[in-house]
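1. Sequence and computational prediction follow.
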Amino acid sequence: MNDQNHLETQSIINMNLVNVPHITDYLPHLKKHTSPLEHNHFYHPSEGFYLSSSDVILRRTIFDTSDNNTLSSLAYHRAGPRKEILYDPQNVRVAIVTCGGLCPGLNTVIRELVVGLWEQYGVREIFGIKAGYRGFYSMEPVRLDVKMVHNWHKRGGTVLETSRGGFDLAKIVNAIEDHGFNQVYIIGGDGTLRGAVKIFNEIQRRKLYVGVAAIPKTVDNDVGIIDRSFGFQTAVEKAQQAISAAHVEAESAPNGIGLVKLMGRSTGHIALSATLSSRDVDCCLIPENEFFLEGEGGLFEFLGDRLKQNGHAVVVVAEGAGQDIIPRTDAQKQERDESGNPVFLDVGVWLKSELKSWWERDHKGELFTVKYIDPTYMIRAVTANATDNLYCTLLAHSAIHGVMAGYTGFVAGPINGNYAYIPMDEIAVTKNQVDTKDHNWAWVRSVTTQPDFERN
Ligand SMILES: Nc1ncnc2c1ncn2[C@@H]1O[C@H](COP(=O)(O)OP(=O)(O)OP(=O)(O)O)[C@@H](O)[C@H]1O
Ligand SMILES: O=P(O)(O)OC[C@H]1O[C@](O)(CO)[C@@H](O)[C@@H]1O
Ligand SMILES: [Mg+2]
């Protein structure tokens, strides 16, 4: 059988549809309404405009057609407008909240939630919750309208403000009830998503007529299932500027090392992407790949050779890398931020000092410079670039269409380029880490020619 025939006989993919919770699962008698998009003068719904529960997206797009057992994939409901919706827009009361660290595009998502709800569905009762989860029960919600938010996409940060910690389930859900909110949009990272699952479960338990959607946010790009998180590309662009500066500094000194520390609490996506796009990097250190300093195959040996060959070298280190080898006290080991995330020691400062000691010890008298750049918040406290801005708009509108249709406890996000509804609890337990066994990491190693740091 030739290859072509082989493909034809094996082309059936088994789909396992992932159900998205719907408010009618626990409130089965709610009345349905026709979408106001039907009469919106900006839209001319044509055949194919509306989506239904039979429209799906496959999670897997790559198959080995020679192996029947691998021809299966999870399938998710496609995001987009439904002809029949669950809410009467006149009776919708919305809460929007941002939690966790900043991320480029937060304000765009808020803006587009307000504009989408207002312009597409005619919703007028839209409120912002200030300062993250704690704001539900400790501050008055702020009324939002289209005029107020019109230029928010041009601002970095979150106009609503954000915070870590302060998650009190009972108080948050009580506040949702007390304020009469029936749609809640939660924008945040992995921690926020874990909190959102608890809020959704409690809302279900209380049988409240409240739809909950989350929009994943994190510069770290550590949320699983979705293609990438918004703001990530903008952060990588900014990170590249730091790498360029480090390269210039390193090139301009005898035995110059440019050292850049980049965000990435437990994943090295920013470091990896910035390394691949800049090509100025000699070594990229990420949390997913342990490294060591001394001896054969270690960082010092590699950098020594690189300085001999090129006279300079650039090292990029993700903030979560090397945490196991930095000496720390017991108290430091226990340190947590308000959300319970471990507080890291500064790998950049430590590495700079270790590099200096190594040189002093092994190359006494020879000129040597380490220029350390830590752009910290400069890569995330900025406005989103064009791609992220567009992406944020699609995320917000996808979330709105889903909630209006009655879906709840879901996350809106792109899977293989198409927007889908993914159950929150499923996404909250996944983690997108750099796969050091895949082609991307092999590509990093071929660009940098760095060691694999595997001890013999
Ligand atoms: N397991 C959890 N259960 C309930 N709430 C949580 C949980 N983890 C975190 N939270 C709450 O979610 C909010 C944000 O969490 P966190 O500070 O970890 O940021 P994040 O959402 O992970 O974003 P990022 O890490 O990208 O900055 C905080 O208010 C925190 O209290
Ligand atoms: O200093 P903050 O605001 O707590 O945020 C720092 C953390 O937030 C992130 O940007 C996102 O989780 C991490 O990369 C970083 O460790
Ligand atoms: Mg997080």
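-> On my side now, so go ahead. Ligands and ions are numbered 1, 2, ... in the order given.
2. quick one, what contacts Trp358?
-> Shown in contact with Trp358 (CB atoms under 8 Å, 6 or more residues apart in numbering): Leu293, Glu294, Phe300. Bear in mind the C-beta positions are built from the backbone N, C-alpha and C, glycine included.
3. Looking at those residues, which one is closest to Ser398?
-> Of all the contacts of Trp358, Ser398 sits closest to Leu293, with 46.1 Å by CB to CB.
4. ok so, going back, which ones among the contacts of Trp358 lie within helices?
-> Phe300 (DSSP state H).
5. Residues of the stretch 201-350 of the chain that sit close to ligand 1?
-> Applying CB under 6 Å from any ligand atom, we find that the stretch 201-350 of the chain lies next to ligand 1 at Thr218, Asp220, Ser339, Asn341.
6. circling back: please list only the buried members of the contacts of Trp358.
-> With neighbours counted by 16 or more other CB atoms under 10 Å, the contacts of Trp358 contain buried members at Leu293, Phe300.
7. Report the spatially nearest residue to Glu237, omitting neighbours in sequence.
-> Spatial nearest neighbour of Glu237, chain neighbours left out: Asn385 (6.0 Å); criterion: CB to CB, 6 or more residues apart in numbering.
8. Restricting to the residues of the stretch 201-350 of the chain next to ligand 1, which residues neighbour ligand 2?
-> Filtering those for proximity to ligand 2 by CB under 6 Å from any ligand atom leaves Thr218, Asp220.
9. Contacts only, for the residue in the stretch 301-450 of the chain positioned nearest to ligand 3.
-> Closest contact between the stretch 301-450 of the chain and ligand 3, by CB to the ion, is at Asn341 (6.3 Å). Contacts for Asn341 were tallied using CB under 8 Å, 6+ apart; they are Arg164, Gly191, Arg265.
10. hey, what's Ile126 bridged with?
-> For Ile126, the beta-bridge partners are Val94, Leu144 (DSSP bridges).
11. is it true that it touches Val114?
-> Yes - Ile126 is in contact with Val114 according to CB atoms under 8 Å; the separation is 5.4 Å.
12. Can you check which residues contact both of those two?
-> By CB under 8 Å, 6+ apart, Ile126 and Val114 have these common neighbours: Ile96, Leu144, Asp145.
13. Can I get these in JSON lines including distance to Val56 and neighbour count?
-> JSON lines is the format used below for the shared contacts of Ile126 and Val114 (distance: CB to CB, whole Å; neighbours: other CB atoms under 10 Å):
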{"residue": "Ile96", "distance to Val56": "28", "neighbour count": "25"}
{"residue": "Leu144", "distance to Val56": "33", "neighbour count": "24"}
{"residue": "Asp145", "distance to Val56": "36", "neighbour count": "12"}
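14. Tell me the one among these nearest to ligand 3.
-> Closest to ligand 3 out of the shared contacts of Ile126 and Val114 is Ile96 (19.4 Å), distances taken as CB to the ion.
15. Distance check, the closest residue to ligand 1 within the stretch 351-456 of the chain against Ala95.
-> Nearest to ligand 1, among the residues of the stretch 351-456 of the chain, is Ala428, at 8.4 Å (CB to the nearest ligand atom). Per CB to CB, to the nearest Å, Ala428 is found 20 Å from Ala95.
16. With Ile199 instead?
-> Using CB to CB, we find Ile199 at a distance of 11 Å from Ala95.
17. can you check Val444 too?
-> As defined by CB to CB, Val444 lies at a distance of 42 Å from Ala95.
18. Now do the same contact list for the spatially closest residue to Met139 that is not a sequence neighbour.
-> Leaving out its chain neighbours, the residue that sits closest to Met139 by CB to CB, 6+ apart is Lys130, at 4.6 Å. Each residue near Lys130 by CB under 8 Å, 6+ apart is listed here: Met139, Glu140, Pro141, Val142, Leu160, Glu161.
19. how about the closest residue to ligand 2 within the stretch 101-250 of the chain, phi and psi?
-> Distances between the stretch 101-250 of the chain and ligand 2 by CB to the nearest ligand atom are smallest at Gly101, namely 3.4 Å. Dihedral pair for Gly101: phi -80, psi 170, per degrees, to the nearest 10.
20. For it, give me the pLDDT.
-> You'll see Gly101 listed with a pLDDT of 96.
21. Enumerate every residue touching Gly128.
-> Contacts of Gly128 by CB under 8 Å, 6+ apart are Ala95, Ile96, Val97, Ile110, Pro141, Val142, Leu144, Val159, Leu160.
22. Repeat that for Ser138.
-> Neighbouring residues of Ser138 by CB under 8 Å, 6+ apart: Ala131, Gly166.
23. Closest one of the contacts of Asn341 to ligand 1?
-> For these, the nearest to ligand 1 is Gly191 (2.5 Å; CB to the nearest ligand atom).
24. you'd agree the closest one is up against Gly101?
-> No - Gly191 is beyond contact range of Gly101, at 9.6 Å (criterion: CB under 8 Å).
25. any shared contact partners between these two?
-> Arg164.
26. Quick one: the strands in the stretch 351-456 of the chain, in order.
-> For the stretch 351-456 of the chain, applying DSSP state E, counting those that start in this stretch gives strands covering 369-373, 410-415, 418-423.
27. highest average neighbour count across those?
-> Most buried of those, by mean neighbour count (mean count of other CB atoms under 10 Å): strand 410-415, with a mean of 26.
28. If you count contacts, what does that strand end up packed against?
-> Judged by 3 or more CB pairs under 8 Å, 6 or more residues apart in numbering; DSSP states H and E, strand 410-415 is in contact with strand 211-216, helix 386-404, strand 418-423, helix 424-428.
29. Burial-wise, tell me which of the ones you listed comes out on top.
-> Of the helices and strands packed on strand 410-415, the one with the most neighbours on average (mean count of other CB under 10 Å) is strand 211-216, at a mean of 29.
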